[in-house]
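*Asks:* Give me coordinates for this.
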Amino acid sequence: QVHLAESGGGSVQAGGSLRLSCSASGDTDSIFCAAWYRQIPGKEREGIASVVSDDGRTNYVNSVKGRFIISRDNTKASVYLHMNSLNPEDTAIYYCAAAQQACSYGVAFWGQGTQVTVSS
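*Replies:* Got it, this is the predicted structure:
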């Protein structure tokens, strides 16, 4: 079992930056892939970035590519999402997720979510 806890959400003006953190505990050695998802009210939760634990390969959805950076620190069992050039459309609840296989096959573990609000 893996437990995930996000931090770092908050309110920011358009054009600003935020860094989200996700700390993992439990069977962290079993994590193959970690990812960030977000959910806008009334819309489905979508995966926006993922990183492979061992080699650091990353993947991004087009809407955040070039603005967001996902990184991991295996020594701290942590994953980060650096968000730059934020705009109001980025307002959502952001969730950290982890999988014991490629994230494209689905994730098994979720954090509780952290709110990000971007004002114009």
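*Asks:* Please list all residues in contact with the residue nearest to the spatial centre of the chain.
*Replies:* The centroid of the chain falls nearest to residue 36 when counting by CA atoms, centre = their mean (2.3 Å). Going by CB atoms under 8 Å, 6 or more residues apart in numbering, residue 36 touches 20, 22, 47-50, 68, 70, 79, 81, 94-97. Placement of C-beta: from N, CA and C, glycine included.
*Asks:* which phi and psi does residue 78 have?
*Replies:* phi -130, psi 150 (degrees, to the nearest 10).
*Asks:* shift numbering so it begins at 2
*Replies:* In the new count, where the first residue is 2, that last one comes out as residue 79.
*Asks:* From residue 42, how far off is it?
*Replies:* 28 Å (CB to CB, to the nearest Å).
*Asks:* Looking at the two, which is more packed in?
*Replies:* Neighbours were counted for residue 79 and for residue 42 using other CB atoms under 10 Å; residue 79 has more, 18 against 7.
*Asks:* what's the neighbour count on residue 111?
*Replies:* Neighbour number of residue 111 under other CB under 10 Å is 16.
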